[in-house]
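Novice: what follows is a protein structure lacking sequence information:
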């Protein structure tokens with residue numbers, strides 16, 4: 001599977017990721033793409049930035065995900081991890097209907 005990923009990333013990634021693959025820290029969760037792009041706000045202080053990519057129609061939808069407060073982290077990796085956790089919570093809410101964007105029962 002690893003070799004197939006190197007030669008055919010479109011088999012594992014939503015089509016929205018194929019046009020700009022790996023320009024950021026991209027991950028997949030529950031079939032949704034998550035772009036992580038932590039921002040260095042001060043020297044050595046990083047803020048989480050995440051975008052959920054929903055590729056269900058002609059044009060992918062990009063939903064920016066924000067936390068309730070602007071926390072900073074000591075590394076880009078920690079900020080990206082936090083952004084991914086926020087995105088997972090949003091996706092789980094979407095799938096269950098908890099955030100007002102869920103699918104009908």
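Specialist: That came through, no problem. All of these numbers come straight from a predicted model, not from anything done at the bench. Numbering: from 1, shown residues only.
Novice: return the residues in contact with residue 80.
Specialist: 25, 36, 37, 38, 48 (CB atoms under 8 Å, 6 or more residues apart in numbering). (C-beta placed from N, C-alpha, C; glycine too.)
Novice: isn't there a helix covering it?
Specialist: Yes: according to DSSP: H, G, I helix; E, B strand; the rest coil, residue 80 belongs to a helix.
Novice: nearest spatial neighbour of it, skipping sequence neighbours?
Specialist: Ranked by CB to CB, 6 or more residues apart in numbering and with sequence neighbours excluded, the top spatial neighbour of residue 80 is residue 36, at 4.1 Å.
Novice: so how many other residues sit close to the one you found?
Specialist: 23 (other CB atoms under 10 Å).
Novice: I figured it hits residue 28, correct?
Specialist: No: in this structure residue 36 lies outside contact range of residue 28 using CB atoms under 8 Å: 11.8 Å.
Novice: can you find the helix or strand in this protein with the smallest mean pLDDT?
Specialist: One helix or strand of the chain scores below all others by mean pLDDT, DSSP states H and E: helix 2-7, with a mean of 41.
Novice: show me what residue 73 is bridged to.
Specialist: Here residue 73 sits in beta bridges with residue 46, going by DSSP bridges.
Novice: contact partners for it?
Specialist: Residues in contact with residue 73, defined by CB under 8 Å, 6+ apart, are 38, 45, 46, 47, 48, 79, 82.
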